[in-house]
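Asks: let's see this in three dimensions:
(chains A and B)
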Amino acid sequence: MSDVVERTLSVLPGLLGQHDPGVGPGGGGGPGRVSATSRLGSLIRSITALTSKHEEEKLIQQELTSLKATVSAPTTTLRLMKECMVRLIYCEMLGYESSFGYIHAIKLAQQGNLLEKRVGYLAVSLFLHENHELLLLLVNTVVKDLQSTNLVEVCMALTIVSQIFPREMIPAVLPLIEDKLQHSKEIIRRKAVQALYKFYLIAPNQVQHIHDKFRKALCDRDAGVMAASLHIYLQMIKENSSGYKDLTGSFVTILKQVVGGKLPIDFNYHSVPAPWLQIQLLRILGLLGKDDPRTSELMYDVLDESLRRAEINHNITYGLKALTYVIQQDPNLALQHQMTIIECLDHPDPIIKRETLELLYRITNGQNVIVIVQKMLDYLKESKEEYAIISLVGKIAELAEKYAPDNEWFIQTMNAVFSVGGDVVHPDIPNNFLRLLAEGFDDRKEDDQLRMYAVQSYLALLEEEDALYPQKFLQVMSWVLGEYSSLVTDVDPEIILTKLHSLLKKTVITSETKMWIMAAVTKIASHASCSKTVDKLIQEFSNSLDTCMRQYAFELKHLCEDKALMRSLLPFDGSCNDMVVDASLSFLDGFVAEGLGRGAAPYKPHHQRQEEKLSQEKALNFEPYGLSFVSSVSSSGVTGRQSPTGLSFGSDTSGNSAETGHKETNTLKLEGVRRLWGKEGYLPKKENKVGKENEPQTVSCGSLLAGQMGDPPALRSDQVANLSEEDKEKQQLASTLFIGLGSNAGVSLMGKADTATQKFKRKSKINETQSSEEASDFQNSAASDFGPLLDTVPINMEDCEGNVRTRLRKASLCSSDIVEDNLAFETPQSLKKSGLDDRLPDSRLSQSSLFADSNIEIFQPSQNAHCESASKTPLVPCLSEELEELTHSEVVELCQSDALALYLCKVWTDDSLLLIVFVSNKTTSALNAVNLVFEEAEHFQILESTTYQFPVIEAQNVERCQKRVWMDKICTQGILSGCINYQSEMETRLEFSITLSLVDFIRPMEMTTEEFGKLWLSLSNDVKQNIKMSSSQDSLSAALSTLQQKLKLHIVDIIGNEGILACQLLPSVPCLLHCRTHSGMLALWFRSPCSALPDGLLYQCQKVMEES
Amino acid sequence: MIKFFLMVNKQGQTRLSRYYEHVEINKRTMLEAEIIKNCLSRSKDQCSFIEYKDFKLVYRQYAALFVVVGINETENEMAVYELIHNFVEVLDKYFSRVNV
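Replies: Numbering: from 1, shown residues only, chains lettered A, B, ... in the order given. A predicted model of the protein is given here:
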């Protein structure tokens, strides 16, 4: 009964209170008034009246219960629902979840009249987030409202789209929103721009094709639309400022108009014209003018004008910030404000203190470093906040490295950094510090003094019994002690060993730190004759439960038995010697070949195995199991039990070493690593094997140690030639890094002096990550050769387990192949120098036979392939007959000088893009030693070497060379640049660049409909998009043949209004496309194992469809 | 970029909150409590900007009411500081008795 009464009551206000909808929460109706808003008003009032959190919670829970009953009752009208929604929003804003109302909010947006719809949309935007599943239910409503003739409905739909919209549903509304850019009402245009900005942020690929329309928005007659478009431009210019330099003039003009007060008066804020718009414009101009004096020139006038008009506000932090930026330009300015800065330093507000330190950091030099660092350390000791500590510690370390006046100070400061910073310090800090110690400076004596001082200070620190140091600090200490303690002659190594030993027994020490300590013990033991502590330690940890510790103990034990080996393995100060890790694990070649010979299944990468398992689950397997499968079980059973090599310490360690060997490829020099193994098992020199076996295992715990393990001299000797160049580069790096540390550098400004060193540092890092990325990319593409997938014999679980080991080895083998190939291109001469050339052919042969059944593609640097291709031709470049038959581009001119002309022709062969470069000698004398060099490109890979030398080009003659290219990293368009140089009277150099498009690397992929179906199911990355069809290609077949002609897609089948196409990105990454036409739209659906490929292809499809 | 917009009174009760990046509801309450604690602990002669975790807070006090805006490091603090005032002025225009 009471239920009915309550329901009636709750409906009442809906019936009565339709008047006065505009009253907001603050105003509210009086107590006697029963309007929709008054319910909210009374709720707010009663909450405000409460005194405790507990009472509030009780009241709101009550409210929510009654709301829940109301919204779920079928008799509730939309008007009442609207009222409930407002209260739900309020409850949720106070932190009480009201998820039961979410679905009703969507319904309200769907079904209500204007005002109800508005509340519905508002509730949805507040309740849900981008990835909420309910959001999909809203898409249809949004599409409907976008097409509405009522402006308010369109506005609401556009607003919700710019607030939250599911990324994958963008194609459904994109064409509608694009149309709105031409709407006659400015508010609609503005909201459309905002919606597109949102799309740009979450899915930039999808709005690539409407960049021109953004320009229209920028020039819109309404200032609001223009202002909205600035958001998009700021974002785009942040990502690529060079692409928008031509717009500088427009931005300057706009700013001029704004500053000049040309905007409507509504834009003024306290008589400043549109301040936020000005800020936005200044940001954009800042990005455009950065490092570009020519563009900056255009802005000076207007900047001057804006500065003059701007009222300077004195909020002290802001002032400091401004000063910080200004000081980067001119340090002398800081002098004028000295006193202010000093005052700020003692300011009670820690925020201001921190800003001040930031400023000081910028003006640090060799003379003031001690004071500034002391200030920073003082602040650090007071600070509790982790973020502040991390950033400040990093700055101190940087300054200490850069400007340290003497060794003592440097070590003490770093000690403070490590002990205060604790374990939150950025890992680069200890790494850089150790590298500094290890690499040293030019002066050997100086180095040793620094190292000795470090050792002494650590010994002193460890003297204190109860002191607790952060793990990272202990790791640093143990590395330094292990490496350099022998420099200090007046301390008995036994004492150091005892100290380390007692550290090992502490419970607070993590196992990672223990590894560092053990490594230190091992190193110290190699210098000492024999030690009781070491014996005790071996005994103690030989049966430790920690496998790593146990392994270390055993290693130490074996090494102690052979002191000579130990000493050669751990030479003093060997940390900077480059060592060669045989990442291909070639010493296992014989073993793997033997396994394969006995019929073991070849290695399949993880994802391929999974896909096979998937496809196996989906369809019955009618094929009989092959014979080889049976034998593989037996052979793998044997390998499972046998230790693969005599020296291996246990099965898990060998797995471990394979992994780390692989991982080390990022940091270690690998040139000269050979990928030589075959059926007959090519074995490198026996004595090398011993060294190689040991290295990766010692490396396995604590990667920093890797650098310090010197390789046996036997192996090193034949590398010396290659390394000397590397060493020089390193020394150069070191000397630039530590400039000002040895010599007393004057006022060297962070911003400026820094750029050179920092750039260098960063660059080398990028290269590293890139090469590893390239490697993995390539690995993926090589591994995803789907040839065998479609008709292969499925493997079963037993087989998987048994063969894991063999696979592991092969996995690292594959990846190292790639690494090596990359390296081979970088340093083509290294291969030749090490005298491996003559061996390559037969190793290649054996490899191809080895991989014949597994279809893993391998390409080798074929040195002679292009040598033969160069042949004499007349001055007009033309292709040879066999190339003429292939599809190829026109011959275009690349560049010219007085003596030379370069022409290019692209030939699209089945397995690569062939670039034919013609070099014609226009002079009347022969040119000798003409070198063609391609630069390393981020996106492309040249399959053979990147250089080519024409020994001689006769007068008035044309020579040509060809390079095979693959796309390494997917992009829609990229540039491959290079240069040609030759010796005339002086060295002459001619640069050129070649634009390559994704389409250059797309080839049709032949398959049957059935194969397509299978492959389709196994692929996971998909992208869908609707595109408009122009009138010329209104039928599906016309559209598809456009795609076939322009993009070289293979049409697999056309059924009714659907079509399927397939293509592959060279060498063998497939991409499948499903097309469907409906009402003038072409729905495209891509799938590929590579995530970037569908996006790239989609862009190309849009382009060709628009062009035709 | 603005991450959230808060209006909190001196008792620490949230009067208005708007998040522009999704934050779980229970985390919101905790975040708001911590933020207001931070703001209240500051005196009048300290600046209006607080570095808090990996973002910055810009606040202004109007009688018993704090308006706090959370921004990331790319945003200009002064611009937001003025924006708050602009917002309050707009409120004042609509509902004459805002600061009560």
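Asks: who in chain B is up against chain A?
Replies: B:13-14, B:16-18, B:22, B:25-26, B:28-29, B:32, B:42, B:45-51, B:53-54, B:76-79, B:81-83, B:86, B:91, B:94-95, B:97-98 (C-beta under 8 Å from any C-beta of the partner chain). From N, CA and C alone the C-beta is placed, and that goes for glycine too.
Asks: buried members of the residues you listed into ChimeraX, please.
Replies: The buried residues among the residues of chain B next to chain A can be selected in ChimeraX (16 or more other C-beta atoms under 10 Å in any protein chain shown) with this line:
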select /B:13,14,17,25,28,32,46,47,48,49,50,51,76,77,78,81,82,83,91,98
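Asks: can you get me a residue count around residue A:246?
Replies: 9 (other C-beta atoms under 10 Å in any protein chain shown).
Asks: so who does it touch?
Replies: By C-beta atoms under 8 Å, 6 or more residues apart in numbering or on different chains, the contact set of residue A:246 is empty.
Asks: let me know the helix or strand that the most centrally placed residue in chain B is in.
Replies: With the centre of chain B defined as its mean C-alpha position, the nearest residue by C-alpha atoms, centre = their mean is residue B:68, 0.6 Å away. According to DSSP states H and E, residue B:68 maps onto strand B:65-71.
Asks: swap in residue A:914?
Replies: Counting by DSSP H and E, residue A:914 is part of strand A:913-921.
Asks: same check on residue A:68?
Replies: With DSSP H and E as the criterion, the answer for residue A:68 is helix A:53-72.
Asks: buried ones in that helix?
Replies: For helix A:53-72, by 16+ other C-beta under 10 Å, it's A:56, A:59-60, A:63-64, A:67, A:70-71.
Asks: so where is the stretch 51-200 of chain A shaky, pLDDT-wise?
Replies: Residues of the stretch 51-200 of chain A meeting the criterion pLDDT under 70: none.
Asks: how about the residues of it by chain B?
Replies: Within the stretch 51-200 of chain A, the positions near chain B by C-beta under 8 Å from any C-beta are A:92-97, A:126, A:129-130.
Asks: closest one of the residues you listed to residue A:1002?
Replies: residue A:130 (32.7 Å; C-beta to C-beta).
Asks: below-threshold pLDDT in the stretch 801-950 of chain A: ranges please.
Replies: If you take pLDDT under 70 as the line, the stretch 801-950 of chain A has these spans: A:801-876.
Asks: now chain A
Replies: A:1-37, A:304-340, A:348, A:442, A:573-583, A:614-876, A:984-986, A:1030-1034.
Asks: pull up the pairing partners for the strand holding residue A:914, direction included.
Replies: Looking at strand A:913-921 with DSSP bridges, its partner strands are strand A:900-908 (antiparallel), strand A:958-967 (antiparallel).
Asks: wait, which of these is closest to residue A:438?
Replies: strand A:958-967 (38.3 Å).
Asks: just the CA coordinates for the closest one, please, in PDB.
Replies: What follows is strand A:958-967, C-alpha atoms only, in PDB (Å, rounded to 0.1, in the frame of the first residue of the first chain):
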ATOM      1  CA  VAL A 958      75.800   5.300 -67.900                       C
ATOM      2  CA  GLU A 959      76.300   2.700 -65.300                       C
ATOM      3  CA  ARG A 960      73.600   1.200 -63.100                       C
ATOM      4  CA  CYS A 961      73.200  -0.600 -59.800                       C
ATOM      5  CA  GLN A 962      70.200  -2.100 -58.200                       C
ATOM      6  CA  LYS A 963      69.200  -2.400 -54.600                       C
ATOM      7  CA  ARG A 964      66.400  -4.600 -53.200                       C
ATOM      8  CA  VAL A 965      64.300  -2.800 -50.600                       C
ATOM      9  CA  TRP A 966      61.800  -4.000 -48.100                       C
ATOM     10  CA  MET A 967      59.600  -2.000 -45.800                       C
END
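Asks: would you mind listing the buried residues in that strand?
Replies: A:958-967.
Asks: I'd guess residue A:376 is in a strand, am I close?
Replies: No - counting by DSSP: H, G, I helix; E, B strand; the rest coil, residue A:376 falls outside a strand, being helix.
Asks: that one touches residue A:356, doesn't it?
Replies: No - using C-beta atoms under 8 Å, residue A:376 makes no contact with residue A:356, being 10.4 Å away.
Asks: what angle do the longest helix along chain B and strand B:65-71 make?
Replies: Secondary structure assigned by DSSP state H gives helix B:77-94 as the longest helix of chain B. Angle, helix B:77-94 to strand B:65-71, by axes from the mean of the first three to the mean of the last three C-alpha atoms, to 10 degrees: 140 degrees.
Asks: what about helix B:77-94, distance to the chain center?
Replies: 11 Å (C-alpha atoms, centre = their mean, to the nearest Å).
Asks: which strands or helices does it pack on?
Replies: Where contact means 3 or more C-beta pairs under 8 Å, 6 or more residues apart in numbering or on different chains; DSSP states H and E, helix B:77-94 is packed against helix A:275-289, helix A:316-329, strand B:55-62, strand B:65-71.
Asks: and the helices in the stretch 1-150 of chain A?
Replies: Taking DSSP state H, counting those that start in this stretch as the test, the helices found in the stretch 1-150 of chain A are A:2-16, A:36-49, A:53-72, A:78-93, A:102-111, A:114-127, A:139-146.
Asks: turn those helices into a markdown table, columns for distance to residue A:999.
Replies: Shown next, in a markdown table, are the helices of the stretch 1-150 of chain A (distance: least, C-beta to C-beta, whole Å):
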| stretch | distance to residue A:999 |
| --- | --- |
| helix A:2-16 | 61 |
| helix A:36-49 | 59 |
| helix A:53-72 | 55 |
| helix A:78-93 | 51 |
| helix A:102-111 | 43 |
| helix A:114-127 | 41 |
| helix A:139-146 | 33 |
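Asks: looking at those, which is nearest to residue A:475?
Replies: Proximity to residue A:475 (C-beta to C-beta) singles out helix A:53-72 among the helices of the stretch 1-150 of chain A, at 46.4 Å.
Asks: so what secondary structure elements neighbour that closest one?
Replies: Going by 3+ C-beta pairs under 8 Å, 6+ apart, helix A:53-72 lies up against helix A:2-16, helix A:36-49, helix A:78-93.
Asks: okay, the shortest one in CSV with CA atoms only?
Replies: I take that to be helix A:36-49. Extracted C-alpha coordinates of helix A:36-49, given in CSV (Å, rounded to 0.1, in the frame of the first residue of the first chain):
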residue,chain,number,x,y,z
ALA,A,36,11.3,19.0,-10.6
THR,A,37,14.2,21.0,-9.5
SER,A,38,13.0,21.5,-6.0
ARG,A,39,13.4,17.8,-5.3
LEU,A,40,17.1,18.2,-6.1
GLY,A,41,17.1,21.5,-4.1
SER,A,42,15.7,19.9,-1.0
LEU,A,43,18.1,17.0,-1.3
ILE,A,44,21.0,19.5,-1.5
ARG,A,45,19.7,21.5,1.4
SER,A,46,19.3,18.4,3.6
ILE,A,47,22.8,17.2,2.8
THR,A,48,24.2,20.6,3.6
ALA,A,49,22.5,20.6,6.9
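Asks: residue 92: neighbour count?
Replies: Answering for chain A, as no chain was given. Counted with other C-beta under 10 Å, residue A:92 comes out at 22.
Asks: not what I meant, chain B
Replies: 13.
Asks: next up, the contacts around residue A:219.
Replies: Contacts of residue A:219 by C-beta under 8 Å, 6+ apart are A:226, A:250.
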